[in-house]
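J.: take a look and give me a structure for this.
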Amino acid sequence: MTSKVLLGRKTFFSATRALAIQGATVEANKAVFGKAYRLHGHGYMAEAFYAGNIARDDGMIVNITELKPFLATASAYFDGTYLNDLVEFKDAPPTLENLVNCFWNHLPSELGSGQLQKLRLDESPRLWAIKTTDAMYLTRSYDFCAAHRLHAPNLPAGENERRYGKCNNPAGHGHNYTLEVTLQGDPDPRTGQLMPLPALDQLVEETVLERFDHRHLNEDCPEFADLIPTSENLARVIFDLLNPLLETPQSNLAKIGLHETFKNYFEVKR
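T.: Purely as a prediction, here's the structure:
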């Protein structure tokens with residue numbers, strides 16, 4: 001059986017918007033959308049992915065030349081607009097989730113030997129949505145810094161040094177971590193969101209950032225009293241802390257990703 005190949009192509013557009021629930025008060029909209037209730041704008045990056053078998057006659061899944069016009073037309077539809085004025089958003093706020101759904105509908109489901117597999121839409125380096133043929137995901141990223149020492153108390157000193165190297169330094173060492181929290185679900189018909197971002201931000205702040213930011217994981221955090229604070233264990237602890245708190249009628253926690261350094265990445269999925 002021949003494995004299918006995935007092809008991705010990016011396009012860009014910019015637009016303005018204001019997020020609001022029709023008939024809701026300003027305070028209610030602020031609670032749901034945060035600063036996004038005000039008129040503001042974004043530069044968006046969309047990346048469409050088509051999956052298929054490589055054609056024998058030309059060695060391609062989709063001819064990029066054929067894909068370009070569809071992406072250009074879709075981008076032009078949104079580019080330079082006030083999203084709220086578009087017919088798709090007359091009765092629904094132009095949230096990132098609703099926008100990725102709308103962009104998806106502007107693309108052909110099949111092209112060449114490929115089928116539209118997923119669409120990623122970045123609103124900022126901190127927020128992006130991914131729509132697939134059967135699911136939607138929203139990812140929000142956060143930063144925190146912490147120190148840790150990697151040391152297994154049941155192993156002799158020489159073995160700790162061999163396994164952990166410089167990370168076994170008794171004084172410890174530090175990292176600037178980037179945490180990615182990914183939700184999966186269906187947008188609420190009223191808010192157009194998997195979860196209100198102010199609520200998600202507050203939950204992550206109180207549950208993760210206040211617990212670990214500017215801390216020494218070995219010395220300050222009871223979660224690691226009997227657990228070696230590797231980034232594998234830290235990722236698992238963060239997932240277990242967030243998982244029960246992110247179960248809502250609309251969405252749940254699909255995964256968390258933890259960047260320890262530019263080179264090292266760890267992920268825990270549902």
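J.: would you mark the buried spots in stretch 5-20?
T.: Buried residues in stretch 5-20, counted by 16 or more other C-beta atoms under 10 Å: 7, 11, 13, 15, 17-20. C-beta coordinates here come from the backbone N, C-alpha and C atoms, glycine included.
J.: and the residues you listed, which of them are in strands?
T.: Using DSSP state E, the members of these that fall within strands are 7, 11, 13, 15, 17.
J.: ok, those vs residue 70, which is closest?
T.: Checking these against residue 70 with C-beta to C-beta, the nearest one is residue 11 at 9.4 Å.
J.: please report how far that closest one lies from residue 103.
T.: 9 Å (C-beta to C-beta, to the nearest Å).
J.: overlap in contacts of the two?
T.: When contacts are counted by C-beta atoms under 8 Å, 6 or more residues apart in numbering, residue 11 and residue 103 have 46, 74 as shared neighbours.
J.: outside of the lengthiest helix in the chain, which residues touch it?
T.: When the chain is parsed with DSSP state H, its longest helix is helix 64-78. For helix 64-78, contacts defined as C-beta under 8 Å, 6+ apart pick out 9, 11-13, 15, 44, 46, 48, 50, 86, 99, 103, 106-108, 111-112.
J.: what comes up buried for it?
T.: 67, 70-71, 74-75, 78.
J.: now these in JSON lines, with pLDDT?
T.: Converted to JSON lines, the buried residues of helix 64-78 look like this (pLDDT from 0 to 100):
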{"residue": "67", "pLDDT": "96"}
{"residue": "70", "pLDDT": "97"}
{"residue": "71", "pLDDT": "98"}
{"residue": "74", "pLDDT": "98"}
{"residue": "75", "pLDDT": "98"}
{"residue": "78", "pLDDT": "98"}
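J.: export those to JSON lines and tack on distance to residue 270?
T.: Formatted as JSON lines, the buried residues of helix 64-78 follow (distance: C-beta to C-beta, whole Å):
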{"residue": "67", "distance to residue 270": "32"}
{"residue": "70", "distance to residue 270": "33"}
{"residue": "71", "distance to residue 270": "32"}
{"residue": "74", "distance to residue 270": "31"}
{"residue": "75", "distance to residue 270": "33"}
{"residue": "78", "distance to residue 270": "32"}
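J.: closest one of those to residue 120?
T.: For the buried residues of helix 64-78, the nearest to residue 120 is residue 71 (12.7 Å; C-beta to C-beta).
J.: roughly how far does the closest one sit from residue 181?
T.: Residue 71 is 29 Å from residue 181, by C-beta to C-beta.
J.: so what are the sheet partners of the helix or strand hosting residue 266 and their directions?
T.: Element membership for residue 266, per DSSP states H and E: strand 265-269. Strand 265-269 has its sheet partners listed here by DSSP bridges as strand 251-259 (antiparallel).
J.: distance between the partner strand and the chain's centre?
T.: Remark: strand 251-259 is offset 8 Å from the chain centroid, using C-alpha atoms, centre = their mean, to the nearest Å.
J.: centroid residue for the protein?
T.: residue 139 (1.9 Å; C-alpha atoms, centre = their mean).
J.: in contact with it, which residues?
T.: 127-130, 180-183.
J.: now do 10 Å
T.: 120, 122, 126-130, 180-183, 254-257 (C-beta atoms under 10 Å, 6 or more residues apart in numbering).
J.: for residue 24, same thing?
T.: 30-33, 37, 190-191.
J.: helix, strand, or coil at it?
T.: Secondary structure, DSSP: H, G, I helix; E, B strand; the rest coil: residue 24 is coil.
J.: so how many other residues sit close to the closest residue to residue 167 other than its chain neighbours?
T.: Nearest residue to residue 167, sequence neighbours excluded (C-beta to C-beta, 6 or more residues apart in numbering): residue 150, at 4.2 Å. Neighbour count of residue 150, defined by other C-beta atoms under 10 Å: 21.
J.: now do residue 150 against residue 249, distance only.
T.: The value you get for residue 150 to residue 249, if C-beta to C-beta is used, is 40 Å.
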